[in-house]
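turn this into a model:
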Amino acid sequence: MAEISVQKLHWHQWSELAPTWERIHSTCPDASFFLSREWVDCWLATFGEDLKPDLLTFVRAGHVVGCCLLVWRTERVRGIPLRRVYLNCAGENDADSTCIEYNSVLSLPDCADQVVEALGIFLRNRRWDELLLEGVVEHSPFCTVANSLGFSEISIRPSHYVEFSRIRANGAGFDSALSSNTRRQIRRSQWLYEQQRGPSSFRIARTAKEASEIFARLVDLHQLAWKDRGQPGAFASAHFTSFHRKLIQAGLAQERIILLEMRAGSETIGALYGFLYRGKVYFYQSGFRYTADARLKPGLLTHYLAIRHCLEQPALNEYDFLAGDSQYKRSLATASRPLRWIVVRRSTLPTLLFRGTRWAARLSRSHSAGTGMLRDVNGDPHG
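Numbering: from 1, shown residues only. Model prediction:
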């Protein structure tokens, strides 16, 4: 088998690479919407000038058989400058992060191992302190190669989902997959909404105008809820909001965007935003109208109605809540899979200093808390 070489392109050459990227993405079994041409198009249009990523192609016998992006940044952490490299569309400032998931190195099906090995060799010959692999699947071929590049620190987050095939097979409907407590909360919430505000209705964006309207309401509800918690909210970032406006415009025509809202009477109770790819619904963001009445469950009810709608679509096989372990996700999901956030650290002076300061900080917190154990709590980037 011919060897694979790596070619580096400037990010401004994306328009030349895009058709090849799309071809490989369409045949790669691990490819997700987060690596689609639409996603990369909009991401580069939003963040390319600031992050200036490298475009890598993997060539065998004159043909491109794989591709990825690499983002190189020097970031100060606890005052220590760390040279970081991110895989694919990642590396934005925290407030702007688009939270890539189901991340992988794209390759033709028979070239996956050779492509990731070539990427490993490429990275061994470059200067960096930390390699960040965000949202990779558990058995990604690159995980093995990454372990050979340095010490790996892994954070695992569950991705809960609803598997439609099992529900359809038993013929009893989605309600049969839920606990009696969850069913009771949904029924009570829907009844209360209808009593207090009027009949419930459910709408999915079919046109660009409807998508724009629902997205605007989602943003307003999302921001209001997070400001009430003393947090800025995802859409406080102009870059984040601009990216998604571009993505909705690009993806709606390809039927890869889903935007929907639930109303009680004339009032929007909840709005959901997600992606459609290969029979899968990726739930990405939401906006809900919360009240002081804890019996009203806008998020639970809106997702419940969305899942029931998606179940009626024969082309759809799964409703994925993406990473996070929120109660509503556990209540509605029928299965779960792990996603990994991996930081590979080389033994360099900056990483040794960083590990030393982190160890000292943990020791100090542990002493103050009266315990020798600390645990990281993973947040939920979506919702």
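
all the helices of the stretch 201-350 of the chain, residue numbers only.
Secondary structure of the stretch 201-350 of the chain (DSSP state H, counting those that start in this stretch): helices at 208-228, 238-252, 298-311, 327-332, 349-369.

domain ranges for the chain?
Per the record, the chain has its domains at 4-149, 160-336, by automatic domain parsing.

of those, which is nearest residue 344?
domain 4-149 (4.0 Å; Cβ to Cβ). For every residue, glycine as well, the C-beta is placed using N, CA and C.

one step back: mind putting the domains of the chain into CSV with mean pLDDT and mean neighbour count?
Shown next, in CSV, are those (pLDDT from 0 to 100; neighbours: other Cβ atoms under 10 Å):
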stretch, mean pLDDT, mean neighbour count
domain 4-149, 95, 18
domain 160-336, 96, 18
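
ok, which of those comes nearest residue 356?
Of all these, it is domain 4-149 that lies closest to residue 356, at 9.4 Å by Cβ to Cβ.

so which of the domains of the chain comes closest to residue 352?
Using Cβ to Cβ, the nearest of those to residue 352 is domain 4-149, at 9.6 Å.

returning to that earlier point: could the helices of the stretch 201-350 of the chain go into a markdown table alongside distance to residue 259?
Putting these into a markdown table (distance: least, Cβ to Cβ, whole Å) gives the following:
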| stretch | distance to residue 259 |
| --- | --- |
| helix 208-228 | 5 |
| helix 238-252 | 7 |
| helix 298-311 | 11 |
| helix 327-332 | 19 |
| helix 349-369 | 41 |
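
can I get the domains of the chain in TSV including distance to residue 353?
Listed next are these as TSV, based on distance: least, Cβ to Cβ, whole Å:
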stretch	distance to residue 353
domain 4-149	5
domain 160-336	30
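
how about those domains, which one is nearest residue 347?
domain 4-149 (9.5 Å).

and the end-to-end length of that closest one?
Using Cα to Cα, to the nearest Å, the end-to-end distance of domain 4-149 comes to 19 Å.

next one: that domain to chain centre, how far?
The chain centroid and the centroid of domain 4-149 are separated by 15 Å, computed with Cα atoms, centre = their mean, to the nearest Å.

after the longest strand along the chain comes which helix or strand?
The longest strand of the chain (DSSP state E) is strand 63-77. The helix or strand immediately downstream of strand 63-77 is strand 80-87, counting by DSSP states H and E.

in PDB, could you pull the C-alpha coordinates for that next one?
Written as PDB, here are the backbone C-alpha positions of strand 80-87 (Å, rounded to 0.1, in the frame of the first residue of the first chain):
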ATOM      1  CA  ILE A  80       1.700  30.200  31.800                       C
ATOM      2  CA  PRO A  81       1.800  30.400  28.000                       C
ATOM      3  CA  LEU A  82       0.700  27.100  26.600                       C
ATOM      4  CA  ARG A  83       1.100  26.300  22.900                       C
ATOM      5  CA  ARG A  84      -2.100  24.500  22.000                       C
ATOM      6  CA  VAL A  85      -3.300  22.700  18.900                       C
ATOM      7  CA  TYR A  86      -7.000  21.900  18.400                       C
ATOM      8  CA  LEU A  87      -8.500  19.400  16.000                       C
END
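
strands paired with that strand, and their directions?
strand 63-77 (antiparallel), strand 130-137 (parallel) (DSSP bridges).

can you redo the ones you listed as CSV with distance to residue 219?
Output for the strands paired with strand 80-87, formatted as CSV (distance: least, Cβ to Cβ, whole Å):
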stretch, distance to residue 219
strand 63-77, 26
strand 130-137, 23
